[in-house]
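Chemist: Quick one, what's the 3D model for this:
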Amino acid sequence: MKLYKSLHRSKERHRHSHHVSRPRKYVLQKDLFYHLNGLGIVGYEYEDKDIRIRSNGHITVYSGYESDGNTPKLNTPFGAYGVPDGPVQKDGLPISARAFIIHDALLDTGHHHGIAIQKVHQAYAYEIRKTTWIFKRLYAYMVVKFGPRKYRHA
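Modeler: Numbering: from 1, shown residues only. Take a look at the predicted model:
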């Protein structure tokens, strides 16, 4: 089963109290697993209702987590407009879903886990480069070079 099938569109706002309230577009329908020890993301331990980070570099983003996709986007009553999330796959979801889920989940919990923000951007770049998307290198570069330099407020 493809990983992208684990997301479904949502018009709800993220309900978790420690996150910045912003419109979310996708809701994770099953746990999503990452192994990021190749990026030097080891030695960290953290868990809450959205994410578990293990010291060996294994990261699980739990079902129910919500993401707004690639940003920036302007959210209007008629939908979100801005940076595309990539071509829609057969399951109706964008090719970049795996990359933006790990990026958003790590940014949302950054005040708690202690992983350097540049490593979080590198995790996005690592995941997006594994896709077949024609803009994967551009998106990877833009996030690493111009992504946020501070974590979102808790």
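Chemist: sec struct for L74, please.
Modeler: Secondary structure assignment for L74 (DSSP: H, G, I helix; E, B strand; the rest coil): strand.
Chemist: neighbours of it, just the number please.
Modeler: 8 (other Cβ atoms under 10 Å). (Glycine included, C-beta is placed from N, CA and C.)
Chemist: contacting residues for the most centrally placed residue in the chain?
Modeler: By Cα atoms, centre = their mean, the chain has its centre lying nearest to I101, at 2.3 Å. By Cβ atoms under 8 Å, 6 or more residues apart in numbering, the contact list for I101 reads L7, Y26, L28, L32, V61, Y65, S67.
Chemist: My read is that the fifth one contacts L32, right?
Modeler: Yes - V61 lies in contact with L32 (Cβ atoms under 8 Å); the separation is 4.5 Å.
Chemist: Now do the shared contacts for the two.
Modeler: I101, I102.
Chemist: of the two, who's got more company?
Modeler: Using other Cβ under 10 Å as the criterion, V61 and L32 rank with V61 on top: 25 against 21.
Chemist: distance of that one from Y139?
Modeler: Note on V61: its distance to Y139, by Cβ to Cβ, to the nearest Å, is 19 Å.
Chemist: Can you report how many residues neighbour Y124?
Modeler: 26.
Chemist: Oh, that last question was meant for V120, not what I typed.
Modeler: V120, neighbours per other Cβ under 10 Å, totals 26.
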